[in-house]
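Enquirer: after the sequence you'll find the predicted model.
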Amino acid sequence: MSGNGTPLLEIRNVSKYFGSVIALEDVSAFVRAGEVTCLLGDNGAGKSTLIKVLSGVHKPTKGQYLFDGKEYNFNSPRDALELGIATVYQDLAMIPLMSVWRNFFLGSEPTRGWGPFKSYDAEFAKQTTKEEMAKMGIDIRDPDQTVGTLSGGERQSVAIARAVYFGAKVLILDEPTAALGVKQAGVVLKYILQARNRGIGVIFITHNPHHAYPVADHFVILRRGQVYGDYTKAELPLEQLVQMMAGGADLEALQHELEAASREAELKDNN
Amino acid sequence: MATDTAPAPAAPPPASDERLREVSQLSRLLSRPELGAVVGAVLVWVFFAIVAFDNNFISWATTAAILNRAAPLGILAVAVAMLMIGGEFDLSIGSIVGFAGMTIMVLSFPTEGGGFGWSLWPAVVAALVIALLTGWFNGYLVIMTKLPSFIITLATLFIFRGLTIALTRLRTNRTQLGNLDEVEGFALADTLFASQLEVFGARFRVAILWWIGMAALATWVLLRTKQGNWIFGAGGDANAARSVGVPVNKVKIALFMTTAFAGFLVALIQAVQFTGADTLRGFQQEFDAIIAVVVGGTLLTGGYGSAIGALFGALIFAMVQQGIIITGVDGDWFQVFVGTVLVVAVIFNNFVRQKAAQR
């Protein structure tokens, strides 16, 4: 799937400073249409800052932001959204007490009629919600059910389907699988592939290499605010990815520490 | 997932979706917020129909008395329901009734009595504008200070009531003004807001039509317009709604103006009906309205509820009031009864809502 086309969204040598804190330093990454780029990093690696730069919340201190080959300088997430760069955050921005179809179209309601008689086209909204979810391979049971009754994975799926429907060309997913169980995470990963197959460029942020590996076309690994590695899938077996994520030597040291600690505990118990 | 559409030989007859339980119409109905109030209204009616049978509870006269009583409260309750679905409170609505009523009276009262001597309709329009401004003021303060609307409107409850009493007394030296029927333009107002329709010898007031009209309009707005969707969104989770582009602040200010409008409408109806007003008009009606709304199944925390529920909530309130009057039970017990009904209704509503969510 990894084409040779020009990147749809690209950042070049981006740095972001907050006062004396260097959150990102010289980070470059890109995603092509119909590809999944995985941004991996442990806590504190700079993932959150990078998402905010990508979605237009933060302006980079240095570096370039390119969309479709043109350079942009966003003032707000709305600017990014207008270009078709949609971000689905972990907390989703969904309203639990409202039905799925009402949530799906909240803020962009379809209407029919004119003037003071303009009404919310509920039939269209319900129908479209069901169809769009079906296109993503999600069989929504009943568009009238409230979002509060959906599982975490299903909510993520609705949020993704909504972003796709409203014309997302690039989909930025902030840890969509973080709070989910194994099965649920699998479901969400499937929808990520669905979105990719529909020609959308997906930026998938996660700290879980096992979630990243099956869907990603290439990987950008962040550590301490810098790019630690940038690989295509062919270049990188899973074991190595896991190793790199935790940071090889660091992980070994941690292992020794843990073993030592458990030995101490055993000794204490025996006494 | 999509497997149920794939042709699977030897599979049992394809169920449309194994996760979709057949949900009976009844269970579907149970998930409507107004259900509790509808059932409650029937129960209360049956209760009084039995207890007060000898007192002629089942009669056109009693029915008319109940509806006439429910109408002004219902007009307030429908607007308050919309506001509460939008996640806010308005405790000042009773004071707005008093303020709007006295505005009409003072402006139209003869100059020799301390009034302004206007004819009725300019006074009505002025009262409408002032009422909408008070609503806007409530909303603006809530948005700007980010304080709970409970506190803001508790403050304006006192401010508006105090202004009503102080300004009226300053200008006219009185707290009650009458003789509105002598003001130019009264005849039309009487037809629109205080006329009565005789059915089987019982007199139904036109306010009932305003009440039902308000409830129908509110229901249409809530369920079938994008603004209605925004109201649910703003009350359900204001931040989430904002993030998808809902103008939450505008929605909330508009809702405060809606409750103020309802206060104005009730003030106008009552001023015309009693051909006068009192500075204490509307006193404590904010509580009656909130009770009707909550009994009607609207959540105190916002994001869930219905205008139809508020309509039935007001009906229950009026039935209890009228029932106690005609059975000759000491009126002192009325408040005990209302408090009990409120608690029972809230418990029942919570129960129904949980059942509905689990279906």
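Expert: Looks like it arrived, so ask away. Numbers count the residues shown, from 1 in each chain, chains lettered A, B, ... in the order given.

Enquirer: who's in contact with the one helix or strand residue A:245 maps to?
Expert: Element membership for residue A:245, per DSSP states H and E: helix A:238-246. By CB atoms under 8 Å, 6 or more residues apart in numbering or on different chains, the residues outside helix A:238-246 that reach it are A:40-42, A:207, A:209-210, A:212-213, A:219, A:221, A:228-229, A:251, A:254. Every C-beta, even on glycine, is put in place using the N, C-alpha and C of the backbone.

Enquirer: may I see the buried residues of it?
Expert: Neighbour-count burial for helix A:238-246, counted by 16 or more other CB atoms under 10 Å in any protein chain shown, picks out A:241-242, A:244-246.

Enquirer: that helix: what's the following helix or strand?
Expert: Following helix A:238-246 in sequence, per DSSP H and E, is helix A:248-270.

Enquirer: redo the buried residues of helix A:238-246 as JSON lines? Include pLDDT.
Expert: Listed next are those as JSON lines, based on pLDDT from 0 to 100:
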{"residue": "A:241", "pLDDT": "80"}
{"residue": "A:242", "pLDDT": "79"}
{"residue": "A:244", "pLDDT": "75"}
{"residue": "A:245", "pLDDT": "72"}
{"residue": "A:246", "pLDDT": "65"}
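
Enquirer: quickly find the element holding the residue positioned nearest the centre of chain B.
Expert: Central residue check for chain B by CA atoms, centre = their mean: the C-alpha nearest the mean position is that of residue B:77, 1.0 Å away. Per DSSP H and E: residue B:77 is located in helix B:60-85.

Enquirer: do you have the helices of the chain handy? List them.
Expert: Assuming you mean chain A. Per DSSP state H, chain A carries helices over the ranges A:47-54, A:77-83, A:100-105, A:122-135, A:152-165, A:182-197, A:209-215, A:238-246, A:248-270.

Enquirer: that's the wrong chain, I wanted chain B
Expert: Going by DSSP H, chain B shows helices at B:25-30, B:35-51, B:60-85, B:93-108, B:120-145, B:149-172, B:186-194, B:207-224, B:226-236, B:238-243, B:248-273, B:285-295, B:307-327, B:334-358.

Enquirer: what residues does the stretch 1-150 of chain A have near chain B?
Expert: Residues of the stretch 1-150 of chain A lying near chain B by CB under 8 Å from any CB of the partner chain: A:92-98, A:102, A:105-109, A:111, A:118-120, A:122, A:134, A:137-139, A:141-142, A:146, A:148-149.

Enquirer: 6 Å - rerun?
Expert: Applying CB under 6 Å from any CB of the partner chain, we find that the stretch 1-150 of chain A lies next to chain B at A:93, A:95, A:97-98, A:102, A:106-107, A:109, A:119-120, A:137, A:139, A:141.

Enquirer: so which of those residues belong to strands?
Expert: Mapping those onto strands (DSSP state E) picks out A:119-120.

Enquirer: and residue B:112, how far from chain A?
Expert: Between residue B:112 and chain A the distance, using CB to the nearest CB, to the nearest Å, works out to 44 Å.

Enquirer: buried set for stretch B:215-225?
Expert: Residues of stretch B:215-225 classed as buried: B:215, B:218-219, B:221-225 (neighbour count, 16+ other CB under 10 Å).

Enquirer: CSV for the residues you listed, including pLDDT?
Expert: Converted to CSV, the buried residues of stretch B:215-225 look like this (pLDDT from 0 to 100):
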residue, pLDDT
B:215, 96
B:218, 97
B:219, 96
B:221, 95
B:222, 95
B:223, 93
B:224, 92
B:225, 93
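
Enquirer: now residue B:226, nearest residue through space, not along the chain?
Expert: Nearest residue to residue B:226, sequence neighbours excluded (CB to CB, 6 or more residues apart in numbering or on different chains): residue A:109, at 3.5 Å.

Enquirer: quick check: phi and psi at the one you found.
Expert: Residue A:109 has phi and psi values of phi -70, psi 130 when expressed as degrees, to the nearest 10.

Enquirer: picking that back up, quick one: contacts for the residue nearest to the centre of chain B?
Expert: For residue B:77, the contacting residues are B:289, B:292-293, B:310, B:313-314, by CB atoms under 6 Å, 6 or more residues apart in numbering or on different chains.

Enquirer: for those residues, which one is nearest chain A?
Expert: Set against chain A, the nearest of the contacts of residue B:77 by CB to the nearest CB is residue B:293 (16.3 Å).

Enquirer: OK, contacts around that closest one?
Expert: B:77, B:80-81, B:84, B:310, B:313.

Enquirer: quick one: pLDDT of it?
Expert: Note on residue B:293: pLDDT of 94.

Enquirer: that one and residue B:62: what is the separation?
Expert: Distance of residue B:293 to residue B:62, computed by CB to CB, to the nearest Å: 25 Å.

Enquirer: about what we covered before: in ChimeraX, how would I select just the buried ones from the contacts of helix A:238-246?
Expert: Selection of buried members from these for ChimeraX, criterion 16+ other CB under 10 Å:
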select /A:40,41,207,209,212,213,219,221,229
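
Enquirer: make a markdown table out of the contacts of helix A:238-246 and add pLDDT.
Expert: What follows is the contacts of helix A:238-246, written out as a markdown table (pLDDT from 0 to 100):
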| residue | pLDDT |
| --- | --- |
| A:40 | 87 |
| A:41 | 83 |
| A:42 | 79 |
| A:207 | 83 |
| A:209 | 84 |
| A:210 | 85 |
| A:212 | 86 |
| A:213 | 87 |
| A:219 | 89 |
| A:221 | 87 |
| A:228 | 83 |
| A:229 | 82 |
| A:251 | 62 |
| A:254 | 71 |
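
Enquirer: for the chain, give me the ranges with low pLDDT.
Expert: Just going to use chain A. A:1-4, A:91-93, A:246-252, A:271 (pLDDT under 70).

Enquirer: not what I meant, chain B
Expert: For chain B, residues meeting the criterion pLDDT under 70 lie at B:1-31, B:352-359.

Enquirer: if you set the cut-off to 80 instead, what comes out?
Expert: Flagging of chain B using pLDDT under 80 yields the residue ranges B:1-32, B:36, B:243, B:328-331, B:334, B:338, B:341, B:345-346, B:348-359.

Enquirer: closest to residue B:103 among the contacts of residue B:77?
Expert: Distance ranking of the contacts of residue B:77 against residue B:103, using CB to CB, places residue B:289 first at 20.2 Å.

Enquirer: chain A contacts on the stretch 101-250 of chain B?
Expert: Counting by CB under 6 Å from any CB, the residues of the stretch 101-250 of chain B near chain A are B:224-226, B:229, B:232-233, B:236-237, B:240, B:243-246.

Enquirer: at 7 Å instead, please
Expert: Taking CB under 7 Å from any CB of the partner chain as the test, the list of the stretch 101-250 of chain B residues beside chain A reads B:224-226, B:228-229, B:232-233, B:236-237, B:240-241, B:243-246.

Enquirer: any of the residues you listed buried? List them.
Expert: Applying 16+ other CB under 10 Å to those, the neighbour count classes B:224-226, B:228-229, B:232-233, B:236-237, B:240-241, B:243-244, B:246 as buried.
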